[in-house]
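> I'll drop the sequence and a predicted model, then ask my questions.
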There are 2 protein chains.
Amino acid sequence: MARKNAFYAQSGGVTAVINASACGVLQTARQHPEVIGKVYAGRNGIIGALTEDLIDTSVESESAIAALKHTPGAAFGSCRYKLTSIHEQRAQYDRLIEVFHAHNIGFFFYNGGGDSQDTAYKVSLIGAELAYPIVCVGIPKTVDNDLAITDSSPGFGSAAKYVATSIREAAFDLASMSRTSTKVFVLEVMGRHAGWGTAACALAAEEEGGAPHILLLPEVAFDAERFLAKVEEALMRYGHCVIAVSEGVKRSDGEFLSTSGLKDTFGHSQLGGVAPFITNLISAKLGCRCHWAVADYLQRSARHIASKTDVEQAYAVGRAAVEFAIAGRSAVMPAIRRLTDAPYQWDIIEAQLSEVANQEKLLPPDFISADGFGITEAARRYLAPLIVGEAYPPFKDGLPDYVKLQNAAAPKKLTREFAV
Amino acid sequence: MARKNAFYAQSGGVTAVINASACGVLQTARQHPEVIGKVYAGRNGIIGALTEDLIDTSVESESAIAALKHTPGAAFGSCRYKLTSIHEQRAQYDRLIEVFHAHNIGFFFYNGGGDSQDTAYKVSLIGAELAYPIVCVGIPKTVDNDLAITDSSPGFGSAAKYVATSIREAAFDLASMSRTSTKVFVLEVMGRHAGWGTAACALAAEEEGGAPHILLLPEVAFDAERFLAKVEEALMRYGHCVIAVSEGVKRSDGEFLSTSGLKDTFGHSQLGGVAPFITNLISAKLGCRCHWAVADYLQRSARHIASKTDVEQAYAVGRAAVEFAIAGRSAVMPAIRRLTDAPYQWDIIEAQLSEVANQEKLLPPDFISADGFGITEAARRYLAPLIVGEAYPPFKDGLPDYVKLQNAAAPKKLTREFAV
């Protein structure tokens, strides 16, 4: 195989470990200089390719690349940008070929969730349909754990560890305060359609009846009356009630709870905020004092409490992507396969991008308890190993010491601009 | 001194390290069996004394007591309960004496913030005014850092480390997303009147212009026009804007922003939530996409990212309280005295409860930058050492392994009930 340069980019919502995948890609590529020349990173995902805004990663030191393994966010910038099909918008694909050709790019690595794997899949088609030879490999990533084929998605384990740790800690706080003050605590967790993150909160319970007492999952239509009865029951039994709620919880008519009526002083619907909605409902109907937290970006960037298992898997899919590419495999994505639950064993297999793109894996019905407010033992067996192990970043002056790369732009070779 | 039993209780909002103070009290008391007999803990603060709901800590193992040092929340339960004066409500004090007498209690340790030190001070007066001999020592605690006399308050350093770490991590996330998606991130931090926690977020900035770009402090009246201009400036210069806001930010008329008009479907004012208020303002006026987080209890219970300095100080004030008591000092509180900023050196001095009770230490004017949206170098020098050092709890199955004590009730000796 003739030596070619590679393009790597990060896409979609970021995670605490997407840079660990970048680290896996870059370190592995550097071990194969006979096949892969430079690795150019796209500044802000596919937009970097379309605008010829390429970052020359070869100027980064070995230690800076190694530090990506413990740095959250997307070191090269991410984007939310969906390619339409070759037939609908041929100009975008012609532009990609123009840029790839100008920089001798023969490998394309795209690191993201379901939408991003769709982008990777579409780019893979330019080989067959537009006769530009390129090896395209997707790299999985999402805090939502909703990617198909792969047993788990890098990024999820760390977010899961963060929310389970946080709700356990808040539960200790609430239990202390409940005699004279706050009796209900609500934590809002990311997940528009899939309740994996909220389900992971249940790992915080150390025994039957331990906090969290109630989960509100997007897979289960919200029923205010049943929910309030469940809260009352927890208050009676434990004196307090800890609740984890998915941001995407919906009413039976499919409307998001979080947009059900909160208005600001300008009359606009409030952004997000299902946790305040839930606590307002409880205090209005049950008359008890409530506290709520919305972790938002904190849960997907909390590298300080990342899961070691997750960091290892994020690195492994980055490394495997390069190995797949070197082996000439295209239109594929490294996926995690679970071999056993306990001890937890896994390996990496090859998934077809066509089967991963635009799919969304929800919580299966047998992971949700009969009353809809909790998870089953099967779910617990699945989730438990994903949060195991600590992988602390180095600290400096009391704070995590994260790396910022130079992100030097590679000289442009094209004169034509391309607007995105 | 004749051997007497001791009473210890935890009061007010809890912290990640109030149990480290409890550990200091209990371990030190156990080293002086010739002076201190049993240590009874009040279940839910002073309420435990009033209702004769005493926990016999002598049945707890050495290892359980040691584990308090890494466990958040209040192991014996806390309360929000203020004693009125002896003259206003004599019955309460007569009841305390009745309970103390029945259980041979000669030492009273009360662990809390400004209100709690007021309680400790009032109890200390029963010696002189009601002729019941008791040694009363307060133990400082508050995430708000607003206690007088002491240079810093145990609990604050860990909350400060949590919010500074969290906003640094979220800033990495936001910087990744800002090209095509979210451009503003707002983190709401505890602090109704004092902006110490929000000020600590500024430690996350690694260089001039680093995130967070704007602080909204309760000490500075909110001016929407000036604030929006500052946000626009940050967006122009950095492409994104990270904001830390105190829950207690007020308008120039003194009204809390967080209650300025958000209504739920029932027409009730929304609980808390100045972060959504701020983001709604920005998106309405500047038209950009915003994300917000409200850490709430997470910031004061995050033992997993506690400051080692804070843990050590929390333990030290617990130990010193017992040493003061053994030395016969009453109506006092161990306070932290700063000797030097760098290297950070401190020791413990004796503060008078009368001077600590009901005081509130706000950010001094020379800690706030000229434009009101940041902190000065003096503030940075003060804050920096308080978050230094990590003191990770042990983990089990991927989660912090916190202790739950047996909290066995001591047999009641009184027949009379007392309602609180």
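Yes, it's here.

> Give me the three-state assignment for A:Y110.
With DSSP: H, G, I helix; E, B strand; the rest coil as the basis, A:Y110 sits in strand.

> Tell me how many other residues surround the closest residue to it other than its chain neighbours.
Spatial nearest neighbour of A:Y110, chain neighbours left out: A:A120 (3.9 Å); criterion: C-beta to C-beta, 6 or more residues apart in numbering or on different chains. Heads up, the C-betas are built off the backbone N, CA and C, glycines and all. Here the number of neighbours of A:A120 (other C-beta atoms under 10 Å in any protein chain shown) works out to 28.

> cool, and A:R43?
Using other C-beta under 10 Å, A:R43 has 21 other residues around it.

> which of the residues in the one helix or strand A:A335 maps to are buried?
Assessed by DSSP states H and E, A:A335 sits inside strand A:332-340. Within strand A:332-340, the residues that count as buried by 16 or more other C-beta atoms under 10 Å in any protein chain shown are A:V332, A:M333, A:P334, A:A335, A:I336.

> just these now: which is nearest chain B?
Comparing the buried residues of strand A:332-340 against chain B with C-beta to the nearest C-beta places A:I336 closest, at 16.9 Å.

> beta partners for the closest one?
Assessed by DSSP bridges, A:I336 has beta-bridge partners A:I348.

> correct me, but it touches A:T150?
Yes - in this structure, A:I336 is within contact of A:T150 by C-beta atoms under 8 Å, at 4.9 Å.

> can you list residues touching both of the two?
Taking C-beta atoms under 8 Å, 6 or more residues apart in numbering or on different chains as the criterion, A:I336 and A:T150 both touch A:P140.

> Got the phi and psi for the residue in the stretch 1-150 of chain A that chain B sits nearest to?
Residue nearest to chain B within the stretch 1-150 of chain A: A:G73 (3.2 Å; C-beta to the nearest C-beta). Main-chain torsions, A:G73, degrees, to the nearest 10: phi 80, psi -180.

> per-residue pLDDT, it?
Per-residue confidence (pLDDT) for A:G73: 98.

> Check A:G45 too.
Confidence score, pLDDT, at A:G45: 97.

> surely A:L363 meets A:E219?
Yes - if you go by C-beta under 8 Å, A:L363 and A:E219 touch, sitting 5.1 Å apart.

> Which of these two has more residues huddled nearby?
Shown here are A:L363 and A:E219; by other C-beta under 10 Å, A:L363 has more neighbours (24 against 21).

> tell me the secondary structure for A:E188?
strand.

> show me the contacts for it.
A:V245, A:S246, A:E247, A:G272, A:G273, A:V274, A:A275, A:W292, A:A293, A:V294, A:A295, A:D296.

> Could I get the contacting residues of the closest residue in space to it that isn't next to it in sequence?
Spatial nearest neighbour of A:E188, chain neighbours left out: A:A275 (3.7 Å); criterion: C-beta to C-beta, 6+ apart. By C-beta under 8 Å, 6+ apart, the contact list for A:A275 reads A:V186, A:L187, A:E188, A:V245, A:W292, A:A293, A:V294, B:V294.

> Among the residues you listed, which pair sits farthest apart?
A:V245 and B:V294 (13.4 Å; C-beta to C-beta).

> Flag the shaky bits of chain A, pLDDT-wise.
A:1, A:259-272 (pLDDT under 70).

> now the helix or strand encompassing the residue nearest to A:Y110 against strand A:332-340, angle please.
In the assignment (DSSP H and E), A:A120 maps to helix A:114-130. Calculated by axes from the mean of the first three to the mean of the last three C-alpha atoms, to 10 degrees, helix A:114-130 forms an angle of 130 degrees with strand A:332-340.

> Run through the neighbouring helices and strands of helix A:114-130.
For helix A:114-130, the packing partners by 3 or more C-beta pairs under 8 Å, 6 or more residues apart in numbering or on different chains; DSSP states H and E come out as helix A:90-102, strand A:105-112, strand A:135-140, helix A:353-356.

> near chain B, which residues of the stretch 51-200 of chain A show up?
Taking C-beta under 8 Å from any C-beta of the partner chain as the contact definition, the stretch 51-200 of chain A meets chain B at A:71-74, A:77-81, A:161, A:164-166, A:168-170, A:172-177, A:179-181, A:185, A:187.

> name the helices or strands packed onto the strand holding A:A335?
Counting by 3+ C-beta pairs under 8 Å, 6+ apart, strand A:332-340 packs on strand A:135-140, helix A:308-326, strand A:345-352, helix A:353-356.

> same thing but at 10 Å, please
helix A:114-130, strand A:135-140, helix A:308-326, strand A:345-352, helix A:353-356 (3 or more C-beta pairs under 10 Å, 6 or more residues apart in numbering or on different chains; DSSP states H and E).

> Nearest to B:P140, out of the ones you listed?
Nearest of the helices and strands packed on strand A:332-340 (C-beta to C-beta): helix A:308-326, 36.4 Å.

> Which positions within the closest one qualify as buried?
Buried residues in helix A:308-326 (16+ other C-beta under 10 Å): A:308-326.

> how about the CA coordinates for it, as PDB?
This file holds the C-alpha atoms of helix A:308-326, laid out as PDB (Å, rounded to 0.1, in the frame of the first residue of the first chain):
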ATOM      1  CA  LYS A 308     -10.800   3.500  33.800                       C
ATOM      2  CA  THR A 309     -12.700   0.800  31.800                       C
ATOM      3  CA  ASP A 310     -14.100   3.600  29.700                       C
ATOM      4  CA  VAL A 311     -10.700   5.300  29.100                       C
ATOM      5  CA  GLU A 312      -9.200   1.900  28.100                       C
ATOM      6  CA  GLN A 313     -12.100   1.200  25.700                       C
ATOM      7  CA  ALA A 314     -11.900   4.700  24.200                       C
ATOM      8  CA  TYR A 315      -8.200   4.300  23.600                       C
ATOM      9  CA  ALA A 316      -8.700   0.800  22.200                       C
ATOM     10  CA  VAL A 317     -11.200   1.800  19.600                       C
ATOM     11  CA  GLY A 318      -8.900   4.600  18.400                       C
ATOM     12  CA  ARG A 319      -6.000   2.200  18.100                       C
ATOM     13  CA  ALA A 320      -8.200  -0.500  16.400                       C
ATOM     14  CA  ALA A 321      -9.500   2.100  13.900                       C
ATOM     15  CA  VAL A 322      -5.900   2.700  12.600                       C
ATOM     16  CA  GLU A 323      -5.200  -1.100  12.600                       C
ATOM     17  CA  PHE A 324      -8.400  -1.700  10.600                       C
ATOM     18  CA  ALA A 325      -7.400   1.100   8.100                       C
ATOM     19  CA  ILE A 326      -3.900  -0.300   7.700                       C
END
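
> so how far is that helix off the chain centroid?
Distance of helix A:308-326 from its chain centroid, counting by C-alpha atoms, centre = their mean, to the nearest Å, is 15 Å.

> Buried residues in stretch A:367-380, which are they?
A:F367, A:I368, A:G372, A:F373, A:G374, A:I375, A:T376, A:A379, A:R380.

> Identify the residue spatially nearest to the first one, adjacent ones excluded.
In this case it means A:F367. Nearest residue to A:F367 in three dimensions, chain neighbours excluded: A:A379, at 3.7 Å (C-beta to C-beta, 6+ apart).

> quick one: which of the contacts of A:E188 sit in helices?
Among the contacts of A:E188, DSSP state H puts A:V274, A:A275 in helices.

> Please spell out the PyMOL selection for the buried subset of the contacts of A:E188.
Restricted to buried positions by 16+ other C-beta under 10 Å, the PyMOL selection for these reads:
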select buried, chain A and resi 245+246+247+272+273+274+275+292+293+294+295+296
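
> can you redo the contacts of A:E188 as CSV with distance to B:A302?
Formatted as CSV, these follow (distance: C-beta to C-beta, whole Å):
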residue, distance to B:A302
A:V245, 20
A:S246, 22
A:E247, 21
A:G272, 22
A:G273, 22
A:V274, 22
A:A275, 18
A:W292, 16
A:A293, 11
A:V294, 15
A:A295, 11
A:D296, 16
